[in-house]
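> Let's see this in three dimensions:
(one chain, ligands or ions: 1)
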Amino acid sequence: MGAMDRRGFLDTCAKGCMAAGIAPMLSRVPDVPPMAMGAVGNVSNVPARYFKPLENQEIKCLLCPRHCQIRPGERGLCGVRENVDGVYVTKVYGKPAAIHGDPMEKGPFFHFLPATKTLALGTAGCNLTCMYCQSWQFAQRRPEQTDNESLPPDELVAQVRKYGLRSITFTYSEPMVAVEYLADTAKAAHAAGIKMAMHTSASCNPGPLKDICGLMDAVNIDLKSYSRSFYDDVVGCKIDTILENTKLVAGSDVWLELTFLAVPGYNTDPAVFKLMCQWIAITLGDQVPLHISRFFPAYRLRNVPATSTDTLKDLRKIAYDTGLRYVYLGNMAGDPSESTYCPKCGMMVVRRVGYEVSNTGLDLRSGKCTKCGMKIPGQWT
Ligand code: SF4
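Predicted coordinates for the structure are as follows:
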């Protein structure tokens with residue numbers, strides 16, 4: 001179904017749904033053909049931001065708490081920011097290593113522009129070293145090791161308009177290490193009336209994050225655990241950074257959702273998970289959606305089995321018992337836990353089966369449950 005067809009489809013749905021008193025949402029999202037072919041070694045040399053020049057042409061990066069001190073000819077740990085004879089450059093500006101037309105639900109974003117497709121992309125590189133990285137093929141590689149397309153911000157936006165999409169999402173790897181590309185794309189997108197989203201670990205410094213928050217419409221943050229040692233030993237950063245940055249985003253105008261990837265035996269201790277849920281409810285609010293996602297063996301944890309259905313359901317129950325109102329299970333296509341239920345009357349207001357989404361009881365204009373009038377938070381249209 002093409003973009004124009006979708007409009008017609010929605011119009012048709014609108015007539016039927018209006019008769020039933022429910023505004024339309026449902027659709028299968030349109031296909032987006034592959035973009036231009038990428039090439040290994042296709043990297044940029046665009047001036048980077050967030051750094052401090054030091055003596056002897058050294059550079060201190062101020063983008064994330066690692067504060068890499070980089071000598072000429074070297075890069076920081078993320079592998080995408082280089083000191084070229086005293087000039088700090090990014091190697092991934094306009095060079096996505098992965099780009100797809102994804103359902104917004106894949107983000108995952110369940111309360112933001114549902115049943116639409118987003119242009120989702122990610123570059124090589126990450127400033128974390130998660131042992132269980134689910135996208136290690138480019139997140140844990142340098143851009144010289146990945147196939148990169150050439151899509152500067154204006155061309156990216158042109159593609160989005162061409163296919164009638166409503167948003168761009170930086171995801172797959174860590175968007176903040178490509179902050180220059182992210183920021184310039186967001187400015188170009190907003191100038192064209194296109195929404196911006198990102199999925200991040202929030203493992204950056206607060207200054208750059210504040211700047212980016214001012215350019216985003218929706219952010220999904222990975223909360224990987226509530227354990228200090230898990231962040232130290234398995235992820236490679238400090239939990240305090242993540243919690244403070246998550247508070248920062250929650251206090252901004254950006255729509256926030258959270259993702260917890262449940263790695264069996266590593267971060268699935270019920271007591272620790274309960275502490276994390278309590279922190280979310282008290283600090284961020286019980287209305288923030290939490291996606292509990294299934295782990296699959298990858299990268300350095302290939303010997304760990306996929307998360308069992310029982311574990312995921314147990315964690316979801318803990319989250320609900322703690323008071324969170326919107327808790328979803330990810331990578332569980334067809335499970336009732338994918339759908340949204342009104343916390344007041346219990347009616348299913350949005351039904352999801354994989355990436356098929358239908359409106360079963362939500363007034364899209366007001367965002368209210370059509371049965372009891374409870375406001376369901378989100379940006380629904
Ligand atoms: S963003 Fe990269 S180069 Fe900068 S401090 Fe972090 S890991 Fe180092």
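> as a whole number, average confidence for the helix or strand containing Leu312?
Here Leu312, judged by DSSP states H and E, is contained in helix 309-322. Helix 309-322 shows a mean pLDDT of 97.
> Equivalent analysis for stretch 265-283, please.
The average pLDDT within stretch 265-283 is 97.
> contacting residues around it?
Applying CB atoms under 8 Å, 6 or more residues apart in numbering, the contact partners of stretch 265-283 are 132, 223-227, 230, 234, 243, 247, 250, 258, 260-262, 286, 288, 290, 301, 304, 307, 311, 314-315, 318-319, 322-324. In short, each C-beta sits where N, CA and C put it, glycine included.
> Only C-alpha atoms, please: export that stretch in PDB.
In PDB, the C-alpha atoms belonging to stretch 265-283 read as follows (Å, rounded to 0.1, in the frame of the first residue of the first chain):
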ATOM      1  CA  GLY A 265      20.500 -14.200  34.900                       C
ATOM      2  CA  TYR A 266      22.100 -10.800  34.400                       C
ATOM      3  CA  ASN A 267      19.400  -8.200  35.100                       C
ATOM      4  CA  THR A 268      16.300 -10.200  35.800                       C
ATOM      5  CA  ASP A 269      16.500 -10.400  39.600                       C
ATOM      6  CA  PRO A 270      12.900  -9.600  40.600                       C
ATOM      7  CA  ALA A 271      13.900  -7.600  43.600                       C
ATOM      8  CA  VAL A 272      16.300  -5.300  41.600                       C
ATOM      9  CA  PHE A 273      13.700  -5.000  38.800                       C
ATOM     10  CA  LYS A 274      11.100  -4.000  41.300                       C
ATOM     11  CA  LEU A 275      13.400  -1.200  42.600                       C
ATOM     12  CA  MET A 276      13.800   0.000  39.100                       C
ATOM     13  CA  CYS A 277      10.000   0.100  38.600                       C
ATOM     14  CA  GLN A 278       9.600   1.900  41.900                       C
ATOM     15  CA  TRP A 279      12.100   4.500  40.800                       C
ATOM     16  CA  ILE A 280      10.300   5.000  37.500                       C
ATOM     17  CA  ALA A 281       6.900   5.400  39.200                       C
ATOM     18  CA  ILE A 282       8.100   7.800  41.900                       C
ATOM     19  CA  THR A 283      10.600   9.800  39.900                       C
END
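> one step back: give me the packing partners of the helix holding Leu312, helices and strands only.
strand 255-262, helix 270-279, strand 290-294, strand 327-330 (3 or more CB pairs under 8 Å, 6 or more residues apart in numbering; DSSP states H and E).
> Show me what the shortest one is packed up against.
Spelled out, that is strand 327-330. Counting by 3+ CB pairs under 8 Å, 6+ apart, strand 327-330 packs on strand 290-294, helix 309-322.
> just the third one next, same as before
Using 3+ CB pairs under 8 Å, 6+ apart as the contact criterion, the neighbours of strand 290-294 among helices and strands are strand 255-262, helix 309-322, strand 327-330.
> what's in contact with that strand?
108, 110, 220, 257-262, 277, 280, 306-307, 312, 315-316, 319, 324, 326-332.
> Can you pull the residues of the stretch 151-300 of the chain lying near the ligand?
Applying CB under 6 Å from any ligand atom, we find that the stretch 151-300 of the chain lies next to the ligand at Val177.
> For the ligand, what's the nearest residue on the stretch 151-300 of the chain?
Nearest to the ligand in the stretch 151-300 of the chain, going by CB to the nearest ligand atom, is Val177, at a distance of 5.1 Å.
> likewise the stretch 1-150 of the chain?
In the stretch 1-150 of the chain, the residue that lies nearest the ligand is Gly76 (2.0 Å; CB to the nearest ligand atom).
> Neighbours of that residue, how many?
25 (other CB atoms under 10 Å).
> Identify the residues contacting it.
61, 66, 68, 70, 127.
> and the ligand, which of these contact it?
By CB under 6 Å from any ligand atom, the members of the contacts of Gly76 lying near the ligand are 61, 66, 68, 127.
> coming back round to it: ok, of the contacts of stretch 265-283, which come out buried?
Buried members of the contacts of stretch 265-283, counted by 16 or more other CB atoms under 10 Å: 132, 223-227, 230, 234, 243, 250, 258, 260-262, 288, 290, 301, 304, 307, 311, 314-315, 318-319, 322, 324.
> just to revisit the earlier point, tabulate the helices and strands packed on helix 309-322 in JSON lines, adding columns for distance to Met216.
Converted to JSON lines, the helices and strands packed on helix 309-322 look like this (distance: least, CB to CB, whole Å):
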{"stretch": "strand 255-262", "distance to Met216": "9"}
{"stretch": "helix 270-279", "distance to Met216": "23"}
{"stretch": "strand 290-294", "distance to Met216": "18"}
{"stretch": "strand 327-330", "distance to Met216": "21"}
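> Scan the ones next to the ligand among the contacts of Gly76 and report the most crowded one.
Using other CB under 10 Å as the neighbour test, these are led by Asn127, with 26 neighbours.
> Does that residue touch Val179 like I think?
No - using CB atoms under 8 Å, Asn127 is not in contact with Val179; the gap is 10.9 Å.
> Identify the contacts common to those two.
Residues touching both Asn127 and Val179 comprise 63, 204, with contact defined as CB under 8 Å, 6+ apart.
> Can you pull the phi/psi pair for the residue of the chain most remote from its centre?
Here the centre of the chain is the reference, and by CA atoms, centre = their mean the most remote residue is Asn56, at 38.5 Å. Backbone torsions of Asn56, given as degrees, to the nearest 10, read phi 60, psi 40.
> Please name the spatially closest residue to it (chain neighbours excluded).
With CB to CB, 6 or more residues apart in numbering as the criterion, Asn56 has its nearest non-adjacent residue at 7.8 Å, and that residue is Arg71.
> what's near enough to touch Lys67?
Small correction: residue 67 is His, not Lys. Going by CB under 8 Å, 6+ apart, His67 touches 60-61.
> For it, give me the pLDDT.
His67 is assigned a predicted lDDT (pLDDT) of 98.
> Quick check, central residue of the protein?
Note: the chain centre (CA atoms, centre = their mean) maps to His199, 1.8 Å.
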